[in-house]
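A.B. asks: from the sequence below, what's the structure:
(2 chains)
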Amino acid sequence: MAAKSNLTNMVLVLGLTCLFCSGILGGAYVLTKEPIDKAAAEKTNKAIAQVLPHFTEVKYNEEGHYYTATDGDILVGYAIESTTVGFGGPLSLIVGVTPDGVVYNTSVLSHAETPGLGAKCTTDAKFMDQWKGFNPSIKKLSVKKDGGDVDAITASTITSRAYTLAVENALSTFKEIAGEACNDEAVMPNPDQTSNEGGQDNE
Amino acid sequence: MSKFKLITDGLVKNNPTFVLLLGMCPTLATTTSAINGLSMGLATLFVLVLSNMAISAIAPVVPDKVHIPVYIVVIATFVTLLQLLMQAYTPAMYETLGLFIPLIVVNCIVLGRAEAFANKHGVVESACDGLGVGLGFTASLTVLGLVREILGSGSAFGYNFIGGHDGMLAFVMAPGAFLCLGYLMVLFNKYLKKN
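C.D. replies: Predicted structure coming up:
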C-alpha cells in the first residue's frame, strides 16, 4: 500500500506531517488555555473554600505558598500549601489556619498514595474530621503510635505521619506569617492596612 | 467484511484485552475501579477511532521507510489533543487518569491497529475497526475495574453496598489486577470466544 521511499518524499511527508500536527496542537493549546486556567483556579478556590470559613477575597503569597483570605476587612485566615513525602510520593495539602492559630480544616491537593490504603487520606471521614478545629496548643501534633493525639489511618502510618508533618509545617509557616504581621503593626503600619481602615470608616 | 462484523469482531473475536493481550500496562494500572476503567477505555476509543481514520487516509502517500514515525506523530497529536480537552473540560477525570493519558501514544493497541488494519483499508472501515476494538477495550476495562472494585473496595461504580467494610485490599493493588485479569481471561475464552 505504502508509497516507495526516496529521500525527497520521506523528508517531505515527515516534515509536512509534523508541521501540520504542530499547527493543530498550537491552535488547540490557544483554544483550551483559558478553560484550563479557569479549571485550575476553580480547583484552588474550591480547596480554599473547603479549609477556611466564609471569605470574599483571597490573595496569594508566592514566596510563602499561602493564601490570605479576607471577608471585607476582617482577616478570615490563611490557607497554607504544604508538601511532604508520603508513601508513594509527594503529598500536597492545603491547610486552613484561622488567626488564632487553630486548624480550621485540611484538604489534599495531590497525592500518590496506595489506593485503598494511604489514598484513604482523601476519603476516610474519621481521619479527615479530626483536623477540623485541631488546636495545636491543646493536642499533640503527631500520630498516636508516636505518642501524639492524631488517629492514624489503619495500616497507613507512613501516610498519616506525612500528613501530620505537612500540617505541622503549615502551622510553623503560620507562625512566621503571624509573627511578621505583629511586627508590622508594632513597628510601622503598612500603607495597605491604613487604606483598609479608611474603607472601614466609609462603611 | 461487513461494517457490523468489524465492530463485533473487536468486541469479542479480537478483543484487545482478553484475546490479543494488547495494552496491558494501562489495563492493569487504571482498573482500580469501574469508573476509572471506563474512562480510560473511552479515552483510548477516542484516540483509536480518530487515528485509525487519519492513518487510513494518509497511508497511500506515506513512504514505507518512515511510516512508523509518521503514525506515531499522528497518534501523539490526537493524544495531546485529548489531554488538553480533558484538562479543560473534565479536570476531575484528568486528575485520576492524567498520568496514563500520554501513555496512550505508546499503547500497542493504537499503533497495532494502524499497522494491521488502518493502512490497508478505507477510512470508513478503519473507523469501524477502531470503534470495535475501542469498545472491546472499554468493555474489558470496565468489567475488570468492576470486579476489582467489588472485591477490593466493596462498591460498584463508586456506590458502596456493603457499608463499613473495606473489601479485600489486594484486589485494588497490582497482584489483584493480575489475578482478576487471569481469571477473566479464562472465563472469556472458555465461554464467549467459543461461540
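
A.B. asks: so how far is stretch A:151-162 off the chain centroid?
C.D. replies: 20 Å (Cα atoms, centre = their mean, to the nearest Å).

A.B. asks: just name the shakiest helix or strand of chain B by mean pLDDT.
C.D. replies: strand B:159-160 (a mean of 76; mean pLDDT, DSSP states H and E).

A.B. asks: that strand close to chain A?
C.D. replies: No - Strand B:159-160 stays clear of chain A (Cβ under 8 Å from any Cβ of the partner chain), getting no nearer than 10.4 Å. For glycine as for every other residue, the C-beta is placed from the backbone atoms N, C-alpha and C.

A.B. asks: contacts for the helix or strand following that strand, please.
C.D. replies: Counting by DSSP states H and E, the next helix or strand C-terminal to strand B:159-160 is helix B:174-187. For helix B:174-187, contacts defined as Cβ atoms under 8 Å, 6 or more residues apart in numbering or on different chains pick out B:17-18, B:27-29, B:31, B:140, B:143-144, B:147-148, B:151-152, B:168, B:170-171.

A.B. asks: for stretch B:92-101, same thing?
C.D. replies: Residues outside stretch B:92-101 that contact it (Cβ under 8 Å, 6+ apart) are A:110, B:26, B:29-30, B:36, B:39-40, B:43, B:79, B:82-83, B:86-87.

A.B. asks: show me just the buried residues among those.
C.D. replies: Buried by 16 or more other Cβ atoms under 10 Å in any protein chain shown: B:26, B:29, B:30, B:36, B:39, B:40, B:43, B:79, B:82, B:83, B:86, B:87, out of the contacts of stretch B:92-101.

A.B. asks: would you confirm that the first one contacts residue B:43?
C.D. replies: No - in this structure, residue B:26 is not within contact of residue B:43 by Cβ atoms under 8 Å, at 9.1 Å.

A.B. asks: keep only those of the contacts of stretch B:92-101 that are in strands.
C.D. replies: residue A:110 (DSSP state E).

A.B. asks: circling back: and the furthest pair within the buried ones among the contacts of stretch B:92-101?
C.D. replies: B:29 and B:87 (19.6 Å; Cβ to Cβ).

A.B. asks: what are the ranges of the strands in chain A?
C.D. replies: Under DSSP E, chain A gives strands at A:57-61, A:66-71, A:74-85, A:90-97, A:103-110.

A.B. asks: need the residues that contact the longest one.
C.D. replies: Going back to what we said before, that points to strand A:74-85. By Cβ under 8 Å, 6+ apart, the residues outside strand A:74-85 that reach it are A:47-48, A:51-55, A:58, A:64-70, A:90-99, A:104, A:109, A:162-163, A:165-167, A:169-170, A:173-174, A:177.

A.B. asks: same thing with the second one?
C.D. replies: Counting by Cβ under 8 Å, 6+ apart, the neighbours of strand A:66-71 from elsewhere in the structure are A:44, A:48, A:52, A:54-61, A:75-81, A:173, A:177.

A.B. asks: next, the angle from the longest helix belonging to chain A to strand A:74-85.
C.D. replies: Longest helix in chain A, counting residues (DSSP state H): helix A:7-51. Put simply, helix A:7-51 runs at 130 degrees to strand A:74-85, going by axes from the mean of the first three to the mean of the last three Cα atoms, to 10 degrees.

A.B. asks: report the secondary structure state of residue B:22.
C.D. replies: Three-state assignment for residue B:22 (DSSP: H, G, I helix; E, B strand; the rest coil): coil.

A.B. asks: for it, give its distance to residue A:38.
C.D. replies: The spacing between residue B:22 and residue A:38, counted by Cβ to Cβ, to the nearest Å, is 37 Å.

A.B. asks: with neighbour numbers in mind, choose between these two.
C.D. replies: A count of neighbours by other Cβ atoms under 10 Å in any protein chain shown puts residue B:22 above the other of residue B:22 and residue A:38, at 19 against 12.

A.B. asks: the more buried one against residue B:111, yeah?
C.D. replies: No - using Cβ under 8 Å, residue B:22 makes no contact with residue B:111, being 9.6 Å away.

A.B. asks: spit out the contact partners of residue B:16.
C.D. replies: B:10, B:22, B:23, B:109, B:133, B:136, B:137, B:140.

A.B. asks: quick check, nearest of those to residue B:56?
C.D. replies: residue B:133 (13.8 Å).

A.B. asks: so which strand or helix has the residue nearest to that closest one when sequence neighbours are not counted?
C.D. replies: Excluding the flanking residues, the one nearest residue B:133 by Cβ to Cβ, 6 or more residues apart in numbering or on different chains is residue B:10, at 3.8 Å. Applying DSSP H and E as the criterion places residue B:10 in helix B:3-11.

A.B. asks: what's in contact with that helix?
C.D. replies: By Cβ under 8 Å, 6+ apart, helix B:3-11 touches B:16, B:124, B:125, B:128, B:129, B:131, B:132, B:133, B:134, B:135, B:136, B:139.

A.B. asks: list only those of the residues you listed flagged as buried.
C.D. replies: B:16, B:125, B:128, B:129, B:131, B:132, B:133, B:134, B:135, B:136, B:139.

A.B. asks: the last one: what's it in contact with?
C.D. replies: This means residue B:139. Residue B:139 sits next to B:11, B:41 when contact means Cβ under 8 Å, 6+ apart.

A.B. asks: helix, strand, or coil at it?
C.D. replies: helix.

A.B. asks: burial measure for residue A:78, as a count.
C.D. replies: 27.

A.B. asks: relative to chain B, how far out is it?
C.D. replies: Computed with Cβ to the nearest Cβ, to the nearest Å, the distance linking residue A:78 and chain B is 25 Å.

A.B. asks: residue B:149 contacts residue B:160, doesn't it?
C.D. replies: No - with contact defined as Cβ under 8 Å, residue B:149 and residue B:160 do not form a contacting pair (9.9 Å).
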